[in-house]
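Asker: just the structure for this:
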Amino acid sequence: MSVVELLWPAFVLAVALVFIHSVFGLEIIKRGVVFTDLAIGQIAAVGMALSVAFMDSQYQSAMTLLFALLAAVIITWATKKVQKIEAFIGLLYALGISSIMLILAQSAEGTELFSKLSAADILFTSSEDLYKSLLLYSGIAFVMFVLYPRMSGAKKEFLFFAMLALTVTSSVQSAGVLVVFALLIAPSFAGLSQRKTKPFVFACLFGSVSIVLALFGSYYLDLPTGYAIIFVTVLFSLVFVVISSIMSSKKRVNEK
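Answerer: Predicted coordinates:
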């Protein structure tokens, strides 16, 4: 059996993760609230940690979604009412990660669980888990491409963060908080740093190539999958943005 036949659910899930996070990543970078996803992901992980530490992992999805929606409500309110919103979101993130450490300290497997919450292994994703994720992401994509543009005001703002919370609830459980953050920001950052292709299309292609290379590297070099995804996508994005910036600077100088 070839590696593609063995790992195809992981490859499809990886591309789906890039697609759905690019939908939100472009908007979050434009708004200048980059740490929003990280804060929602971290608060969502608090619900997951509570389930693991005190409920024998029962109600894990419900607890994760509950805390993700709670974070979405708080951030929706804060973006309208609080000045220096990045500082507020940064503190929310710090509150989330410290809560997780305190909760997992009650478990003998706390360190291992924290590592899984940060960057999980998607390499051996089952086809059943893949289909569930694809169904969820299809519904979210329908809402964001069809319903979201027709709304306005506070309802539109809440819908955006609610859909982000729903996305994060699923992806944090399958990939981990830091992987989700990397996929949300790195491909979208590269997409917004070029002008030859639509940012969303570029982000999806750029992120898909990066994450597939990371999966191959993880499999053949026996590296932790989550951190391999973070390393490759972030490195590729930073290199691309630096090269794009240098080329843009030279072009502006030549035009003067």
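Asker: residue 24: what's it in contact with?
Answerer: By C-beta atoms under 8 Å, 6 or more residues apart in numbering, residue 24 lies in contact with 37, 144, 160, 163, 164, 167, 184. No exception for glycine: its C-beta is placed from N, CA and C like everyone else's.
Asker: quick one: the helices in the protein?
Answerer: Remark: helices assigned in the chain by DSSP state H are 3-31, 36-54, 60-81, 85-104, 110-118, 127-142, 153-175, 177-192, 199-221, 225-255.
Asker: what's the burial count for residue 132?
Answerer: 13 (other C-beta atoms under 10 Å).
Asker: residue closest to the middle of this protein?
Answerer: residue 180 (2.4 Å; C-alpha atoms, centre = their mean).
Asker: if I look at it, how far off is residue 85?
Answerer: 20 Å (C-beta to C-beta, to the nearest Å).
Asker: picking that back up, what's the most distant pair in the contacts of residue 24?
Answerer: 37 and 144 (14.6 Å; C-beta to C-beta).
Asker: these two: which is more packed in?
Answerer: Neighbours per residue (other C-beta under 10 Å) separate residue 37 from residue 144, with residue 37 holding more: 28 against 19.
Asker: and that one, how far from residue 53?
Answerer: Here the criterion is C-beta to C-beta. By it, residue 37 lies 24 Å from residue 53.
Asker: same deal with residue 136?
Answerer: 25 Å.
Asker: may I ask which helix or strand of the chain has the lowest mean pLDDT?
Answerer: Within the chain, no helix or strand scores below helix 110-118, which has a mean of 70 by mean pLDDT, DSSP states H and E.
Asker: packing partners for that one?
Answerer: helix 36-54, helix 85-104, helix 177-192 (3 or more C-beta pairs under 8 Å, 6 or more residues apart in numbering; DSSP states H and E).
Asker: for residue 120, find the nearest of those.
Answerer: helix 177-192 (7.1 Å).
Asker: got the angle between that closest one and helix 199-221?
Answerer: Angle, helix 177-192 to helix 199-221, by axes from the mean of the first three to the mean of the last three C-alpha atoms, to 10 degrees: 130 degrees.
Asker: now do the buried residues in helix 177-192.
Answerer: 177-192 (16 or more other C-beta atoms under 10 Å).
Asker: which one among these gets closest to residue 10?
Answerer: Of the buried residues of helix 177-192, the one sitting nearest to residue 10 (C-beta to C-beta) turns out to be residue 179, at 12.5 Å.
Asker: ok, now how distant is that closest one from residue 37?
Answerer: 11 Å.
Asker: can you tell me which one of the contacts of residue 24 sits lowest on pLDDT?
Answerer: The member of the contacts of residue 24 with the lowest pLDDT is residue 37, at 75.
Asker: tell me the contacts of that one?
Answerer: Counted by C-beta under 8 Å, 6+ apart, residue 37 has contacts 21, 24, 25, 28, 164, 168, 180, 181, 184, 185.
Asker: can I get those in TSV with distance to residue 245?
Answerer: Formatted as TSV, the contacts of residue 37 follow (distance: C-beta to C-beta, whole Å):
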residue	distance to residue 245
21	23
24	24
25	19
28	21
164	28
168	30
180	26
181	22
184	21
185	17
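Asker: residues near residue 122, how many?
Answerer: 27.
Asker: over to it: give its phi and psi.
Answerer: Residue 122 adopts backbone torsions of phi -100, psi 0, taken as degrees, to the nearest 10.
Asker: all further residue positions should be reported with the first residue as 17.
Answerer: Done: numbering now begins at 17, and the last item shifts to residue 138.
Asker: show me the shaky parts of the stretch 117-266 of the chain.
Answerer: 124-127 (pLDDT under 70).
Asker: how many residues are close by residue 267?
Answerer: Residue 267, neighbours per other C-beta under 10 Å, totals 9.
Asker: and residue 65, how far from residue 268?
Answerer: 49 Å.
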